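Asks: Have a look at this fold, sequence not included:
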C-alpha cells in the first residue's frame, strides 16, 4: 500500500490553487509524477451533511436514527445519512455516549487509496476552515486521517485498512478524546 500512498500524499501537500465561486469550492491538484490534473468540487451541500452530523452528536444522533438493530450486546440503530457505503449505524456505548459509524469494503488497493483521499480532502475542505486540525498516520497496510477541534467536540476518524485479501474504509464520529 505504501508504494501508492506516498506519491499521493505528496501530491496533496503540493496541492495547486483553490478558488471559491458561487458558494462552490473548486480545487485543482497537479500530480508531478503523471502531469495529470484532477479537479474536485466540494459543494455547500457536502459540507452541510458533515456539519449536520457533527451538530447531531449532541442529541445522540437522534435526527438520523431509523430502526433499531436487533443486537443483545449494544444499543444500535441504522441511519438515514450515509457518508460512505449504505450501512451506517449509531451506537450507544456503556457510558451512554453515541457514535456514528460507516464502513464499506473496497475491492482494490488503488480504489481504496482514491476513496480515502477523496473523502479526506472533502473533510479537510469542510473542517479546516473552522479550526479543525487534521493528523494523518500511514502504515504499510493502513491510512488514518483524524480531525479534532477541541476536547468538547467529537473526533472524526477516517480509517482505511487491509483486511485479508481486501480493503475496508471506516468513517466515524465518536466522543471527544479524554471522555
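Replies: Here it is on my side, so go on. None of the values given here were measured: they were computed from a predicted structure.
Asks: which ones are touching residue 93?
Replies: Contacts for residue 93 were tallied using Cβ atoms under 8 Å, 6 or more residues apart in numbering; they are 74, 99, 175. (Glycine included, C-beta is placed from N, CA and C.)
Asks: got a list of what the spatially most distant residue from the centre of the chain touches?
Replies: Largest separation from the mean C-alpha position in the chain: residue 72, at 28.4 Å (Cα atoms, centre = their mean). By Cβ under 8 Å, 6+ apart, no residues touch residue 72.
Asks: Ramachandran angles for it?
Replies: With angles defined as degrees, to the nearest 10, residue 72 shows backbone torsions of phi -80, psi -10.
Asks: which is the next helix or strand following the longest helix anywhere in the chain?
Replies: The helix of greatest length in the chain, counted in residues with DSSP state H as the criterion, is given as helix 109-127. Using DSSP states H and E, the helix or strand that follows helix 109-127 towards the C-terminus is strand 133-139.
Asks: just the contacts of residue 93 now: which is nearest residue 62?
Replies: Sorting these by how near they are to residue 62, with Cβ to Cβ, puts residue 99 at the top with 13.6 Å.
Asks: Tell me how many other residues crowd that closest one.
Replies: For residue 99, the tally of surrounding residues (other Cβ atoms under 10 Å) stands at 19.
Asks: partner residues bridging it?
Replies: Note on residue 99: beta-bridge partners by DSSP bridges are residue 91.
Asks: gap between it and residue 138?
Replies: Using Cβ to Cβ, to the nearest Å, residue 99 is found at 24 Å from residue 138.
Asks: List the buried residues for the longest helix of the chain?
Replies: Along helix 109-127, these residues count as buried under the neighbour rule (16 or more other Cβ atoms under 10 Å): 109, 112-113, 115-117, 119-127.
Asks: coming back round to it: just send the contacts of residue 93 back as JSON lines, with distance to residue 145 too.
Replies: Below are the contacts of residue 93 laid out as JSON lines (distance: Cβ to Cβ, whole Å):
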{"residue": "74", "distance to residue 145": "26"}
{"residue": "99", "distance to residue 145": "17"}
{"residue": "175", "distance to residue 145": "18"}
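Asks: Save these as JSON lines, and put in distance to residue 144 and pLDDT too.
Replies: Formatted as JSON lines, the entries for these read as follows, by distance: Cβ to Cβ, whole Å; pLDDT from 0 to 100:
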{"residue": "74", "distance to residue 144": "23", "pLDDT": "85"}
{"residue": "99", "distance to residue 144": "16", "pLDDT": "96"}
{"residue": "175", "distance to residue 144": "17", "pLDDT": "94"}
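Asks: Residue 163: which of the residues you listed is nearest?
Replies: When the contacts of residue 93 are compared for distance to residue 163, the smallest value, 20.4 Å, is given by residue 99; criterion: Cβ to Cβ.
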